[in-house]
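1. Could you work out the structure for the sequence below:
(one chain, ligands or ions: 2)
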Amino acid sequence: MSPTPNVPGRVLWLTGLSGAGKSTLASALYQELLAAGVKAELLDGDAVRENLSKGLGFSRADRDTNVRRIGFVAGLLARHGVTVLVSAISPYAETRREVLSQLPGAAEVFVDAPLETVTERDVKGLYLKAIAGEIAHFTGVSDPYEAPTQPALHLRTDLLSVEECLEQLRPLAGLREPVPA
Ligand SMILES: Nc1ncnc2c1ncn2[C@@H]1O[C@H](COP(=O)(O)OS(=O)(=O)O)[C@@H](OP(=O)(O)O)[C@H]1O
Ligand SMILES: Nc1ncnc2c1ncn2[C@@H]1O[C@H](COP(=O)(O)OP(=O)(O)O)[C@@H](O)[C@H]1O
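-> Ligands and ions are numbered 1, 2, ... in the order given. Below you'll find the model as predicted:
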């Protein structure tokens, strides 16, 4: 059995509204980490909800359960030296604080774009439906999003390009420069 490495992996926890850019940035960074030969994993909200959190809804209790599950898995991976990228709305400040406090050295990244921007992007067509009242408890429209007050990184994705955001994310993930995929 191989021993647990002394150095735990980094955890970057990307939080923000749907459509803010969490998945875009996390998956680009993930590809760079893999190309650089870094052991990395991506825990993306959508994929987690299809598997680990299948059946959970969007009540506060279910979102908190989802976020705690992601935190638990992130902790297991990080303990074994894996760099973990989390991409989940994770809307409640207190729950993020609780989960991140159990992940040594985890960095909270606020992926931020105003509601007008994410509504315009409407990547999945969900804002239109939420505004029309067809989806209840939709974050930012009919459900709360509690923005981080002291994130390790605050990225305004309506003002910065994907590459500009990646420039700021790389050092947090332990990368010094862009890595061609
Ligand atoms: N009611 C409601 N509110 C917010 N989001 C909704 C909702 N219903 C479905 N979706 C879709 O689910 C994705 C969010 O899942 P998460 O696991 O990241 O959410 S949470 O952290 O548990 O709050 C989110 O994905 P992203 O767009 O990638 O953020 C949405 O596509
Ligand atoms: N600086 C940026 N960072 C991330 N995404 C951006 C940025 N600028 C524009 N976008 C676009 O915004 C959308 C974000 O969608 P997505 O990554 O699925 O958001 P989320 O995972 O937060 O729901 C994508 O279409 C992406 O191309």
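2. from here on, contacts and neighbour counts on C-alpha atoms
-> Will do.
3. where does this protein dip in pLDDT?
-> Segments of the chain classed as low confidence (criterion: pLDDT under 70) are 1-5.
4. So which bits of it are right by ligand 1?
-> 18-19, 45-46, 49, 58, 63, 66-67, 88-91, 136-139 (C-alpha under 6 Å from any ligand atom).
5. And the residues you listed, which of them are buried?
-> 18-19, 45, 63, 66-67, 88-91, 137-139 (16 or more other C-alpha atoms under 10 Å).
6. out of these, who's near ligand 2?
-> Among these, the ones lying close to ligand 2 by the criterion of C-alpha under 6 Å from any ligand atom are 18-19.
7. Just the ones in helices from the buried ones among the residues of the chain next to ligand 1, please.
-> Among those, the ones falling in helices (DSSP state H) are 45, 63, 66-67.
8. tell me the contacts of Thr119?
-> By C-alpha atoms under 8 Å, 6 or more residues apart in numbering, the contact set of Thr119 is 19, 127-128.
9. from those, which is closest to ligand 1?
-> For ligand 1, the nearest member of these is Gly19. The distance, counting by C-alpha to the nearest ligand atom, is 5.0 Å.
10. Check whether the residue nearest to the closest one when sequence neighbours are not counted sits in a helix, strand or coil.
-> Closest residue in space to Gly19, ignoring its immediate chain neighbours: Val118 at 5.3 Å, by C-alpha to C-alpha, 6 or more residues apart in numbering. Secondary structure of Val118, reduced to three states by DSSP: H, G, I helix; E, B strand; the rest coil: helix.
11. How about the residues of this protein by ligand 2?
-> Along the chain, the residues adjacent to ligand 2 under the rule C-alpha under 6 Å from any ligand atom are 17-25, 123, 157-158, 160-162, 165.
12. residue boundaries of the helices in this protein?
-> In the chain, helices defined by DSSP H lie at 22-35, 45-50, 60-79, 93-101, 115-121, 126-131, 162-173, listed in chain order.
13. So for the fifth one, what gets flagged as buried?
-> This means helix 115-121. By neighbour count with 16+ other C-alpha under 10 Å, helix 115-121 contains the buried residues 115, 118-119.
14. same check, this time on the longest one
-> Judged by neighbour count (16+ other C-alpha under 10 Å), helix 60-79 contains these buried residues: 63-71, 74-75, 77-79.
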